[in-house]
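Chemist: this is a predicted model, with the sequence first.
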Amino acid sequence: MEFNKILINGLLIRYLEINPPSGGASKDATRSIIFLHGWGGSLESWKDFLTSFEKENIRVLAFDLPGFGQSQTPPAAWTVKDYSNLLGGFLDQLGLDKIWLFGHSFGGQIAVRFTHDHPKRVAKLFLSGPAIIRPKKSFYKIIIGAFAKVIRILMFGKGARLRRFVYRLIGGADYGNLTDPAMRQTMKNVLADDLTGLLLGLKLPIFIIWGKQDKYTPYKNFLQIKKILPQAQTFVFEDARHGLHWQKPLELKKIILDQLK
């Protein structure tokens with residue numbers, strides 16, 4: 001297992017590599033997989049799961065998405081496409097023409113965008129609780145949004161800790177935990193980007209993995225995606241929630257390794 005840093009699109013990105021190729025090793029797509037973590041995640045939150053591949057015949061790569069972990073934060077607000085472009089730059093720098101791609105939550109959103117834009121670069125796509133479906137704002141969310149603006153005015157100069165506490169009370173913990181203005185706008189951009197319409201264009205082998213008790217990407221989203229992609233292989237864990245790499249690590253690993261046979 002090796003932690004390294006690499007400059008991509010002007011940002012210093014920390015990445016993890018397990019089972020790197022030796023000498024002139026093959027760049028076979030069926031032996032290289034990239035994992036994309038979710039919003040608020042990092043290599044630390046995935047390290048235990050990823051290191052379980054150390055004795056397997058597969059090259060594993062993962063990196064801190066910009067704005068998280070030890071990767072640099074973008075100087076301006078990003079979109080999902082910006083994150084997808086960074087993934088392309090990562091592949092280029094590591095000399096990978098084609099890979100398996102695993103996206104969890106927000107990472108799944110990036111994975112779908114990248115696979116749609118670069119279909120020849122992805123051999124197989126794994127989606128774990130992907131945040132692909134972004135519902136339109138409900139009346140409740142509109143009211144909460146207006147209330148949040150009022151809170152920002154009232155809390156001006158009151159301190160970041162107090163503001164985060166108030167955001168948690170109104171259901172916006174992820175947003176409230178962000179202190180960088182660019183990342184706050186990035187989160188807004190991400191939440192507004194529904195990628196459901198891109199699914200029909202995906203023609204590669206797809207594996208959709210879900211926890212039925214997921215509160216972040218609810219099970220109804222899985223059912224909607226399954227209708228759009230009836231050809232995809234699906235795996236549902238009845239007693240699991242969003243973080244399957246924590247709750248079902250052995251089962252999740254088996255789903256991936258079974259594709260090597």
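Modeler: Noted; the coordinates are in hand.

Chemist: from here on, just use CA atoms for contacts and neighbour counts.
Modeler: Fine.

Chemist: check which helix or strand covers the residue most central in space within the chain.
Modeler: For the chain, Gly107 is the residue whose C-alpha lies nearest the centre (Cα atoms, centre = their mean; 1.2 Å). Element membership for Gly107 (DSSP states H and E) is helix 106-117.

Chemist: go on, Phe126?
Modeler: Taking DSSP H and E as the definition, Phe126 sits inside strand 122-128.

Chemist: adjacent strands (with direction) for that strand?
Modeler: strand 99-104 (parallel), strand 206-211 (parallel) (DSSP bridges).

Chemist: circling back: quick one: list the elements packing against the helix holding Gly107.
Modeler: Packed against helix 106-117 by the contact rule (3 or more Cα pairs under 8 Å, 6 or more residues apart in numbering; DSSP states H and E) you find strand 32-36, helix 80-93, strand 99-104, strand 122-128.

Chemist: contacts for the strand holding Phe126?
Modeler: For strand 122-128, the surrounding residues in contact (Cα atoms under 8 Å, 6 or more residues apart in numbering) are 29-30, 98-105, 108, 111, 115, 204-210, 244.

Chemist: how about the CA coordinates for that strand, as CSV?
Modeler: Extracted C-alpha coordinates of strand 122-128, given in CSV (Å, rounded to 0.1, in the frame of the first residue of the first chain):
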residue,chain,number,x,y,z
VAL,A,122,-14.4,2.1,-18.6
ALA,A,123,-14.7,-1.7,-18.9
LYS,A,124,-17.1,-2.3,-16.0
LEU,A,125,-19.0,0.1,-13.7
PHE,A,126,-19.8,-0.6,-10.1
LEU,A,127,-22.3,1.8,-8.4
SER,A,128,-22.8,1.6,-4.6
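
Chemist: okay, buried residues for the strand or helix carrying Thr186 please.
Modeler: In this assignment (DSSP H and E), Thr186 forms part of helix 181-191. Neighbour-count burial for helix 181-191, counted by 16 or more other Cα atoms under 10 Å, picks out 182-187, 190-191.

Chemist: could you check the angle that helix makes with helix 80-93?
Modeler: Between helix 181-191 and helix 80-93, the angle comes out at 100 degrees (axes from the mean of the first three to the mean of the last three Cα atoms, to 10 degrees).

Chemist: centre of the chain to helix 181-191, how far?
Modeler: Remark: helix 181-191 is offset 15 Å from the chain centroid, using Cα atoms, centre = their mean, to the nearest Å.

Chemist: got the contact list for the residue nearest to the centre of the chain?
Modeler: Contacts of Gly107 by Cα under 8 Å, 6+ apart are 35-39, 130-131.

Chemist: using JSON lines, lay out those residues together with pLDDT and neighbour count.
Modeler: Supplementary listing: the contacts of Gly107 in JSON lines, determined by pLDDT from 0 to 100; neighbours: other Cα atoms under 10 Å:
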{"residue": "Phe35", "pLDDT": "98", "neighbour count": "23"}
{"residue": "Leu36", "pLDDT": "98", "neighbour count": "27"}
{"residue": "His37", "pLDDT": "97", "neighbour count": "25"}
{"residue": "Gly38", "pLDDT": "95", "neighbour count": "24"}
{"residue": "Trp39", "pLDDT": "93", "neighbour count": "17"}
{"residue": "Pro130", "pLDDT": "97", "neighbour count": "29"}
{"residue": "Ala131", "pLDDT": "95", "neighbour count": "28"}
